[in-house]
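Engineer: Just the structure for this:
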Amino acid sequence: METKKILIKNIIWTILYAIFTLVIVLHHEIWADEAQVWMIAKNVSFSGLFKHLVNEGHPSFFYLIMMPFAKAGLSAVFMQIVCWISMCFSVFLLLQYSPFNRFAKFAIITSAGFLYFFPVIARSYSIIPFLVFALAILHPKAKEKPFLYAFLLVILANTHIIMFAFCALLALFFFLDNVIKNSESELSQVCWAKNRISFAIMCAGLLAVVLQLGGTTSSNAFIKFDFANIVINTIKVFKEFFVNCFDAHYPDTALIMFSNLGVVLILLSAILYIFFFAALLKRDKKMFLLAFSGIGFQLAVYILGYSHWIFVTRIFCSHLIMLFCFWIVLTGDITDTKHSKIFNTKFLNTAIACFFLITILNGLKFSALDLFNPYSGAKETAEYIEKNIDKNNSILVTDNDPYAIALVYYLDGKYEVYSARTQKVLKYIVWDENLYHVLDGSKWAIYADYMQKYDKNFKDKKIYAVVSDFNLYKLKVKDLTGYKFLFKSKPAVKKFEGFRIFEYAP
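Structural biologist: Numbering: from 1, shown residues only. The predicted model follows:
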């Protein structure tokens, strides 16, 4: 009877979580990174996807889920709902099956990642919590259900590269515990064979990630091994790792003016993280190795390969690894008294709760901002274009593909956006060196005049320059010479996601 009451309570809490987050999800506007996933799924063939992913730096699973629906003509709302549903199931698994106490569970599900960034921002990160929690539930039963365990591990590895080391080490632990230690004489021949096959499946899944992404640093102009700036990048990554969860003003976290309390809370979160590693080392060296290697790999990816912006969803993927390790450590050990006071179960739960509570205001802030403001200027800009620009007598040009892709999504094929960087109609972003070519304000007129003379697509057409706020504020591009200013989108929640439109008027 008590078990049934707990189940009902957890279902009710999950429903409340689902309602709160769904309201924000349905109001949230698609921005560039979300649009890129959907536009790739829509415009790239199945075989072409695997050729393109090396340029993306992401493995295939999330794209494969979206591809049939994107090609069927659905909107990216489907992608948003899939990510939201995944998070609702994640919260239920946490509430129903995790060994954390009620205080720690409440802190986790109301933290910034769970309250806003995972359920609302529709990216592959959003399905990682469900997969990590499902693996945590299955981990003690991996010997009994090896195929299911292997299946979940392969999916997780093929969802995002930052989970690769975590999955690889789990596969190694499975091999050591269920193949090496348990010889054929200790297990039935059938069970031993199942374990070997399951490990082979894990290896194949991990190898698939390597094969998909092996040439990313050669294909993607923005992901390069950078050893020359390793000290600066390390400081930047660790700063953003703790700062962004507390207050994510991306990408300019350095511009935040912290109150004294804010500084104290950020330092406290860093101290707690160090404590978590110490606690794992004391209580379970295997889980310490898993946390240290899994999180260390993620940080190494950012420091050496991609230190541009460390978003909250990426940071929380590290926190998920930490939660997995404590989930395993505390399972069946809820009333533990054999460890010293600072490492006992009650204190650990309190520390975990405090760590996640520090991020709550960040999640609430972004929830409120998203409800009452446009997250991106793309939707408003698309609406302006449809009402005011003749598509039959005009051509839209951008020189910033990574930001304009959200606009391409909202225009939905009614208007084509021409890329000045690639000299092609923009359908999805290719992260090559063409993206470094930016037109200064004075060069836009030269570009338009040249294209009207030598490109038949531009002849007898009105040219409209679609310029992102990133160009204007971050790249310091001045007002366009020879162009008439027409439109400016409202300030967006996501910094630099706004647009201005200029008409070529020589």
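
Engineer: Look up how far Ile321 lies from the residue nearest to the spatial centre of the chain.
Structural biologist: The chain has Tyr125 as the residue nearest its centroid, 4.1 Å off, counting by Cα atoms, centre = their mean. For Tyr125, the distance to Ile321 under the criterion Cβ to Cβ, to the nearest Å works out to 13 Å. All C-beta spots, glycine's among them, are computed from the backbone N, C-alpha and C.

Engineer: cool, and Thr217?
Structural biologist: Separation of Thr217 from Ile321 (Cβ to Cβ): 24 Å.

Engineer: between those two, which one's more packed in?
Structural biologist: With other Cβ atoms under 10 Å as the criterion, Thr217 and Ile321 differ in neighbour count, and Ile321 comes out ahead with 25 against 16.

Engineer: coming back round to it: can you verify the residue nearest to the centre of the chain is assigned to a helix?
Structural biologist: Yes. Using DSSP: H, G, I helix; E, B strand; the rest coil, the assignment for Tyr125 is a helix.

Engineer: How about it, nearest residue that isn't a chain neighbour?
Structural biologist: Using Cβ to Cβ, 6 or more residues apart in numbering and skipping the chain neighbours, the partner closest in space to Tyr125 is Thr313 (3.9 Å).

Engineer: Could you look up the SS state of the one you found?
Structural biologist: Three-state secondary structure (criterion: three-state DSSP) places Thr313 in helix.

Engineer: May I have the predicted confidence score for it?
Structural biologist: Per-residue pLDDT puts Thr313 at 94.

Engineer: ok, it - contacts?
Structural biologist: Taking Cβ atoms under 8 Å, 6 or more residues apart in numbering, we find Thr313 in contact with Gly113, Phe117, Phe118, Ile121, Arg123, Tyr125, Ser126.

Engineer: What subset of those is buried?
Structural biologist: In terms of neighbour count (16 or more other Cβ atoms under 10 Å), the buried residues within those are Gly113, Phe117, Phe118, Ile121, Arg123, Tyr125, Ser126.

Engineer: Next, find the distance separating the second one from Val132.
Structural biologist: Read that as Phe117. Phe117 is 15 Å from Val132, where distance means Cβ to Cβ.

Engineer: if we can go back for a sec, for the contacts of Thr313, work out which two are farthest apart.
Structural biologist: Across those, the two members that end up farthest from each other (Cβ to Cβ) are Gly113 and Arg123, 12.2 Å apart.

Engineer: Which strand or helix spans the nearest residue to Phe133 once chain neighbours are set aside?
Structural biologist: Leaving aside its sequence neighbours, Phe133 sits nearest to Leu93 (Cβ to Cβ, 6+ apart; 4.3 Å). With elements delineated by DSSP states H and E, Leu93 resides in helix 77-97, which encompasses its position.

Engineer: average model confidence for that helix?
Structural biologist: Within the predicted structure, the mean pLDDT of helix 77-97 is 97.

Engineer: From the contact counts, what lies against that helix?
Structural biologist: With contacts taken as 3 or more Cβ pairs under 8 Å, 6 or more residues apart in numbering; DSSP states H and E, helix 77-97 sits against helix 2-27, helix 32-43, helix 61-71, helix 102-109, helix 118-120, helix 128-138.

Engineer: Quick one: closest of those to Tyr464.
Structural biologist: Tyr464 lies closest, by Cβ to Cβ, to one member of the helices and strands packed on helix 77-97: helix 32-43, at 19.5 Å.

Engineer: could you check the angle helix 61-71 makes with the closest one?
Structural biologist: With axes from the mean of the first three to the mean of the last three Cα atoms, to 10 degrees as the basis, helix 32-43 and helix 61-71 are set at 60 degrees to each other.

Engineer: ok, back up a step: who's in contact with the helix holding Leu93?
Structural biologist: Under the criterion Cβ under 8 Å, 6+ apart, external residues in contact with helix 77-97 comprise 6-7, 10-11, 13-14, 17-18, 21-22, 25-26, 28, 30, 34, 37-38, 65-66, 69, 100, 105, 108-109, 114, 118-123, 126-127, 129-130, 133-134, 136-137.

Engineer: 6 Å instead?
Structural biologist: 10, 13-14, 17-18, 25, 38, 66, 69, 105, 109, 118-119, 122, 126-127, 129-130, 133, 137 (Cβ atoms under 6 Å, 6 or more residues apart in numbering).

Engineer: got it, and stretch 45-52?
Structural biologist: Here stretch 45-52 has contacts from Val44, Tyr63, using Cβ under 6 Å, 6+ apart.

Engineer: which phi and psi does the residue lying closest to Glu34 once chain neighbours are set aside have?
Structural biologist: Of all residues beyond its chain neighbours, the one nearest Glu34 is Ala122 (5.0 Å), with distances taken as Cβ to Cβ, 6+ apart. For Ala122, the backbone dihedrals (degrees, to the nearest 10) come out as phi -80, psi 90.

Engineer: need the contact list for Ala122.
Structural biologist: Taking Cβ under 6 Å, 6+ apart as the definition, contacts of Ala122 comprise Glu34, Met79, Gln80, Cys83.

Engineer: Check Ala150 too.
Structural biologist: So Ala150 contacts Ser198, Ile201, Met202 (Cβ under 6 Å, 6+ apart).

Engineer: Can you point out the helix or strand that includes it?
Structural biologist: In this structure, Ala150 is located in helix 146-157 according to DSSP H and E.

Engineer: in terms of contact, does Leu396 touch Val466 like I think?
Structural biologist: Yes. Contact between Leu396 and Val466 holds when scored by Cβ atoms under 6 Å: they sit 5.5 Å apart.

Engineer: Now stretch 429-448: buried residues?
Structural biologist: With burial defined by 16+ other Cβ under 10 Å, the residues of stretch 429-448 counted as buried are Ile429, Val430, Trp431, Asn434, Leu435, Leu439, Gly441, Trp444, Ala445, Tyr447, Ala448.

Engineer: do stretch 19-26 as well
Structural biologist: Judged by neighbour count using 16+ other Cβ under 10 Å, the buried positions of stretch 19-26 are Thr21, Leu22, Ile24, Val25.

Engineer: Those: which two are farthest apart?
Structural biologist: Going by Cβ to Cβ, the pair spanning the buried residues of stretch 19-26 furthest: Leu22 and Ile24, at 7.4 Å.
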